[in-house]
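**Q** Everything below, folded, please.
(one chain, ligands or ions: 1)
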Amino acid sequence: MTDDARQQTQEVYYPTESIVEQANITAYMRSKGFSNWDDLHRWSLDQSDTFWDEMAQRLGWYAPYTQILDDSKKPFFTWFTGGKTNIVHNAIDRHMSTWRRNKLAFIWEGEDGTVRNFSYADVNREVSKLANVLKAMGVQKGDIVSIYLPRVPELPFAMLACAKIGAAHSVIYGGFSHEALRDRIADAQSKVLITADGGYMRNKVIELKKIADDAMSSSPTIQTAIVLKRTGHAVDMHVGRDYWWHDLMALPIASERCETEVVDAEHPLFILYTSGSTGKPKGVVHTHGGYSVGIATTFHFTFDIKDHDIYWCAADPGWITGHSYIVYAPLIEGATSFIYEGAPNYPYPNRWWQIVERYKISILYTAPTAIRGLMRFGDAWPKRHDLSSLRLLGSVGEPINPEAWRWYYDIIGGGNCPIMDTWWQTETGGFMITPNPTTPLKPGSGTKAFLGIEMDVVDEHGNRTADNADGLLVAKRPWPSIMRTILHDAERYANSYWNNEPVGLYTAGDSARRDKDGYFWVIGRIDDVIKVSGYRLGTAEIESALVSHPAVAEAAAIGLPHEIKGTGIHCFVILRSGIEGSDKLSEELRTHVAKELGPITKPEAVSFMAALPKTRSGKIMRRVLKAQALGQDLGDISTLEG
Ligand code: WTA
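**A** I've put the predicted structure just below:
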């Protein structure tokens, strides 16, 4: 049976009674007097102010808010208006006066096996010291600090230190190239970059400082670089600009005491760049107040966090999944969060399973691409390990194919760990469509919208589609952790998400179906964004990287199915006149893209063409290229150039 046919049979996995009994959501549902999820969900929409107020009251506020949601300037919503807070107050400071002071906040394992543990008090000390260093470097409330670090505990510390003093952070994923880093530094106008000498991946050194040097050489705003020593290999230190992290932290200015800056609920917390349908990445802006409430609530009910849990989100802290669900939500909820530095199959394909056994991980949250990648090595690797500590599993980043879902469920979860297939986006800040541990699961479906969240599938006019019909995935009302704007481009925010058809609904850019039980099935992106191994890339960025090569006149990039990565990048180029295509040139162009944008963007293939299919107005019809490559019907090509 094909996966699609299996979907049609709608196999359903029910949670055990003990899972239901102990779930946070069950306690909450009972406290509200409801006996089923749908009724509770309906109430959370009908009384959404009451619901979000209750959720906000789980957190601490320096000064109370006077309004829950202000939608008078739609789509520029504000939440918890008038409230004074700081995410660090909830993520760290609150725990200092409780027993959690001595609880482990982070357990980190390096690829080489080194282990570092940090209690909440340790995190407070490291963050406070760094916050004082940043202040001494002239960083002020409202500034944006760029961060380019490998997957080490200092990455969360750097983020938290910025937040603590009211500066926003912009984390640039360590796999990005110097051009990508430079553009993001320039957009954020950062004066300070926090980076490292290098990072490790498969026992190889990634030369982060060298890449940062290239980026900084054309970043006039940068005055200071703080450089963490991770690998210890020789790097150039630019006198007067570059300072070692450990030297700064040893100075008297790096005091262990630092007051957390009181900020408005709507004060910017971070910028995170993500790909859209143009070549210019979008600087998505999130704020302290609403974001804290949204991520803490979703984490509490979906991952059902308890004090005895050891929670592991295997994403990189540099992406939204890491921001929300490695760093901020687990800390707000007082959880112990595990971080692993390296590759899942290093030195052997049992590395992850060894970690689960060693640290007694109880909640594992990862991406379908990682599951497929590990599944390929066979069942013997996980079966060598005792994975019985696992209680819940999670998936994010792309639709999970039912085959991978079942492997994850049966082989990793031992047939008794519900899988939380969470659908959300950089823009949404937190989960939007997600099961909770009590939800009957259908492999491949994220099930239903979270409390206070209203999702639907509609046609291009905004009308609700029939059950099982493809349509656009939309949110019908705002929620606390929604992005507030795009940095320097409020118009693009309004136009990309709210003003395109259907007008007035938040359009996610995904296509989806809703089945007869109201379960959502996300199909994939409908815009020019592709998801490669869960990483979000814009075709326009890949195309502009190709066109920057002297041999290329025009280029088109599309995503085609890939067994492990979900989607692989395939490029079609027209060469400049007089240049002949060859295997060597194709390889050179693949490497060129990887160099320009970072290794994750390396195309699977680059083919040469005499012409690209275009509309009469000159827009490349990627859809036609894709259908051609897949040998499918070309669909409506009435706008194709003659
Ligand atoms: C896709 C990642 C299906 C979707 C948190 C979305 C998913 C994009 C899922 C956002 C899921 C994310 N099932 N598709 N569970 N989760 N997506 O901004 O296409 O990197 O629009 O955020 O990932 O990607 P982003």
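
**Q** Give the helix, strand or coil label for the closest residue to the ligand within the stretch 101-250 of the chain.
**A** Closest residue of the stretch 101-250 of the chain to the ligand, C-beta to the nearest ligand atom: Y173 (10.6 Å). Using the backbone N, CA and C atoms, a C-beta is placed for each residue, glycine as well. Under DSSP: H, G, I helix; E, B strand; the rest coil, Y173 falls in the coil class.

**Q** how near is it to D187?
**A** Counting by C-beta to C-beta, to the nearest Å, the gap from Y173 to D187 is 15 Å.

**Q** Mind listing the residues bridging to G559?
**A** I569 (DSSP bridges).

**Q** so what's it scoring on pLDDT?
**A** Predicted confidence (pLDDT) at G559: the value is 93.

**Q** go on, S582?
**A** On the pLDDT scale, S582 gets 96.

**Q** Give me the neighbour count for it.
**A** For S582, the neighbour count with other C-beta atoms under 10 Å is 10.

**Q** ok, now E604?
**A** 15.

**Q** Just give me the longest helix of this protein.
**A** Using DSSP state H, we find that the single longest helix of the chain is helix 120-136.

**Q** Mind checking the pLDDT average for that helix?
**A** For helix 120-136, the per-residue pLDDT averages 98.

**Q** need the next SSE after that helix, C-terminal direction.
**A** strand 144-148 (DSSP states H and E).

**Q** What residues does the stretch 351-500 of the chain have near the ligand?
**A** Residues of the stretch 351-500 of the chain found near the ligand (C-beta under 6 Å from any ligand atom) are 395-399, 421-426, 446.

**Q** I figured the residue of the stretch 101-250 of the chain closest to the ligand hits D316, correct?
**A** Yes - assessed by C-beta atoms under 8 Å, Y173 is found in contact with D316 at 6.2 Å.

**Q** pLDDT at the residue of the stretch 101-250 of the chain closest to the ligand, what is it?
**A** 92.

**Q** Any idea how many residues pack against it?
**A** Residues near Y173, counting by other C-beta under 10 Å, number 21.

**Q** Ignoring the adjacent residues along the chain, who's closest to it?
**A** G318 (3.9 Å; C-beta to C-beta, 6 or more residues apart in numbering).

**Q** and that neighbour, what helix or strand is that in?
**A** Using DSSP H and E, no helix or strand contains G318.

**Q** Now do the contacts for it.
**A** Residues near G318 by C-beta atoms under 8 Å, 6 or more residues apart in numbering: 147, 149, 151, 155, 171-174.

**Q** and the gap between it and the ligand?
**A** 11 Å (C-beta to the nearest ligand atom, to the nearest Å).

**Q** how much space between the residue of the stretch 101-250 of the chain closest to the ligand and T601?
**A** From Y173 to T601 the distance is 11 Å (C-beta to C-beta).

**Q** now L272
**A** L272 is 18 Å from T601, by C-beta to C-beta.

**Q** now H308
**A** With distances taken as C-beta to C-beta, H308 is found 41 Å from T601.

**Q** do K619 as well
**A** Counting by C-beta to C-beta - K619 and T601 are separated by 22 Å.

**Q** How about L364?
**A** For L364, the distance to T601 - C-beta to C-beta - is 27 Å.

**Q** for L390, same thing?
**A** Using C-beta to C-beta, we find L390 at a distance of 33 Å from T601.

**Q** Which residue of these two possesses the greater neighbour count?
**A** Higher neighbour count among L390 and T601: T601, with 25 against 20, using other C-beta under 10 Å.

**Q** Sketch out the strands for the stretch 101-250 of the chain, chain order is fine.
**A** For the stretch 101-250 of the chain, the strands defined by DSSP state E, counting those that start in this stretch cover 104-109, 115-119, 144-148, 168-171, 192-196, 199-201, 204-206, 224-228, 242-244.

**Q** Now those in TSV, please, with extra columns for mean neighbour count.
**A** What follows is the strands of the stretch 101-250 of the chain, written out as TSV (neighbours: other C-beta atoms under 10 Å):
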stretch	mean neighbour count
strand 104-109	20
strand 115-119	15
strand 144-148	27
strand 168-171	26
strand 192-196	27
strand 199-201	21
strand 204-206	15
strand 224-228	23
strand 242-244	17
